[in-house]
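J.: sequence? don't have it. structure:
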């Protein structure tokens, strides 16, 4: 691995100053499961690596704060899987976290890191999007909240400004029953990057939020307010038609190794129908 | 930039002080600075698990963690499992089940099995498969490996008690050993 300077600030302000001072020459390190691979293969060549795990203000806690469930910047996928409330109230997130790598990876990889890498295939992004997640970022000009939908730009690029560091992700506490699920397609059974990811969240008023990933440069969220998808009496063929409309902007890369664009689009519609069916069942179970 | 950074960590129950290069992984620190070559270097992208060690109670791919990040940590490698000639229950079960073929993946498999059984003392077959899914065996000895983990879980109780005593006694001795006496050759 190419040499770099290692910094382990203990205060958030120092981390922000380091990241701001070095700009693109600095990279933040949390779990490192993506960063270290890229440092080794040379796709990233920062002068400074800023380890955020020593910062006093950051934690890996999952707790409720002002109507939101807050995931600290150091929350790992394993922490998410072990949290009873997440499994109960945000099952699509728990299901997505279980798809991330292996036990060894989930023990290190952080939820915030998964967002900051901004991979179009990031497993946890669709779930966070259907639950209405937002980023909490600290920067030279203070703290700001960014809806996750306004955070992703394209692969590896977010709307974070120079010097900004994500300190937490927050999900609104549910205001009623909902049915939600995460699904994905991979090339093989077992651990693999996703060819298509999809999360669905449905509420009793008939609103269905769907988010898909790995089918374009960034994860996308779409909303069905017609009630067609949430109505169990509507035939699958009609739901498939509605999904076709909602997924009109999906634009899978023609050059990706993992799957061709035609296959991804076809599987997105298959997952869409399966996801909607599962969400109806779960919503029914939650309200009965 | 290429200067070494002093860190202190506990490896297999023993306090170690090491001056590490910032861009060296924990795997490199273990193998090159501490001469603990049980953890293997293989895929270097977190897919094969040959480099698995336990850090603060959780299994990790040591090729995806910098050595400096281990400052203050408790690290257990495969070398820390057998104590005073007593194999751990998992190691004994791997031996009894013929789970090792070429053997290259086995240190990682054994360490992952330890981490799994610490969390889930009586795992189902599905839990064993998921718990060890981050460890590839290119000899494809998966059946014997799964059998070994389940066997270790079955006879775990009695042996674990005895093993725990040995661990306690041995760690007590190790803690009293000055670092210089156990430094790598």
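T.: Cool, got the structure. Given the structure is predicted, the values throughout are model-derived calculations rather than measurements. Residues are numbered from 1 along each chain as shown, chains lettered A, B, ... in the order given.
J.: For residue B:59, give me its contacts.
T.: Each residue near residue B:59 by Cβ atoms under 8 Å, 6 or more residues apart in numbering or on different chains is listed here: A:103, A:104, A:107, B:52, B:53, B:111, B:112, B:115, B:134. Just so you know, the C-beta spots here come from the backbone N, C-alpha and C atoms, and that holds for glycine as well.
J.: quick one: contacts for residue A:162?
T.: By Cβ under 8 Å, 6+ apart, the neighbours of residue A:162 are A:19, A:20, A:23, A:140.
J.: Where neighbours are concerned, which of those has the most?
T.: residue A:19 (25 neighbours; other Cβ atoms under 10 Å in any protein chain shown).
J.: Can you name the residues of the stretch 101-250 of chain A that neighbour chain B?
T.: With Cβ under 8 Å from any Cβ of the partner chain as the criterion, the stretch 101-250 of chain A meets chain B at residues A:101, A:102, A:103, A:104, A:105, A:107, A:108, A:190, A:191.
J.: Show me which of the residues you listed are buried.
T.: Buried subset of those (neighbour count, 16 or more other Cβ atoms under 10 Å in any protein chain shown): A:101, A:102, A:103, A:104, A:105, A:107, A:108, A:191.
J.: Which members of the contacts of residue B:59 are positioned in strands?
T.: Among those, DSSP state E puts B:52, B:53 in strands.
J.: ok, of the contacts of residue B:59, which one's closest to residue A:277?
T.: residue A:103 (30.3 Å; Cβ to Cβ).
J.: buried ones in stretch A:225-233?
T.: Buried-residue list, stretch A:225-233, by 16+ other Cβ under 10 Å: A:228, A:229, A:230.
J.: quick revisit: possible to save the contacts of residue A:162 as TSV with secondary structure?
T.: Shown next, in TSV, are the contacts of residue A:162 (DSSP: H, G, I helix; E, B strand; the rest coil):
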residue	secondary structure
A:19	helix
A:20	helix
A:23	helix
A:140	coil
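J.: Give me the nearest residue to the residue of chain B found nearest chain A, chain neighbours excluded.
T.: Closest residue of chain B to chain A, Cβ to the nearest Cβ: residue B:134 (2.4 Å). Leaving aside its chain neighbours, residue B:134 sits nearest to residue A:102 (2.4 Å; criterion: Cβ to Cβ, 6 or more residues apart in numbering or on different chains).
J.: which ones are touching the one you found?
T.: Residue A:102 touches A:191, B:46, B:47, B:49, B:133, B:134, B:135, counting by Cβ under 8 Å, 6+ apart.
J.: on contacts alone, who are the packing partners of the helix or strand where residue A:168 lies?
T.: Counting by DSSP states H and E, the element that carries residue A:168 is strand A:165-172. Using 3 or more Cβ pairs under 8 Å, 6 or more residues apart in numbering or on different chains; DSSP states H and E, the elements in contact with strand A:165-172 are helix A:12-22, strand A:68-72, helix A:111-116, strand A:134-139.
J.: who's in contact with it?
T.: With Cβ under 8 Å, 6+ apart, strand A:165-172 has contacts from A:12, A:15-16, A:19, A:28, A:52, A:57-58, A:65, A:67-73, A:90, A:93, A:111-112, A:115-116, A:128, A:131-139, A:143, A:145, A:148, A:160.
J.: let's see it at 7 Å
T.: For strand A:165-172, contacts defined as Cβ atoms under 7 Å, 6 or more residues apart in numbering or on different chains pick out A:15-16, A:19, A:28, A:52, A:58, A:67-73, A:90, A:111-112, A:115-116, A:128, A:131-138.
J.: Show me how the record splits chain A into domains.
T.: A:5-54, A:62-172, A:182-287 (automatic domain parsing).
J.: From the opening residue of the second one to its closing one, how far?
T.: End-to-end distance of domain A:62-172: 13 Å, with Cα to Cα, to the nearest Å as the criterion.
J.: again, but for stretch A:37-50
T.: 16 Å.
J.: Do I have it right that residue B:75 meets residue B:56?
T.: No. With contact defined as Cβ atoms under 7 Å, residue B:75 does not reach residue B:56; the gap is 8.3 Å.
J.: More neighbours: the two, which one.
T.: Legend: neighbour count by other Cβ under 10 Å for residue B:75 and residue B:56, higher for residue B:75 (25 against 13).
J.: Can you name the residues that contact the closest residue to the more buried one other than its chain neighbours?
T.: Spatial nearest neighbour of residue B:75, excluding adjacent residues (Cβ to Cβ, 6+ apart): residue B:11 at 4.8 Å. Residues near residue B:11 by Cβ under 7 Å, 6+ apart: B:34, B:75, B:77.
J.: Dump those residues to CSV, plus distance to residue A:206.
T.: Listed next are the contacts of residue B:11 as CSV, based on distance: Cβ to Cβ, whole Å:
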residue, distance to residue A:206
B:34, 61
B:75, 53
B:77, 55
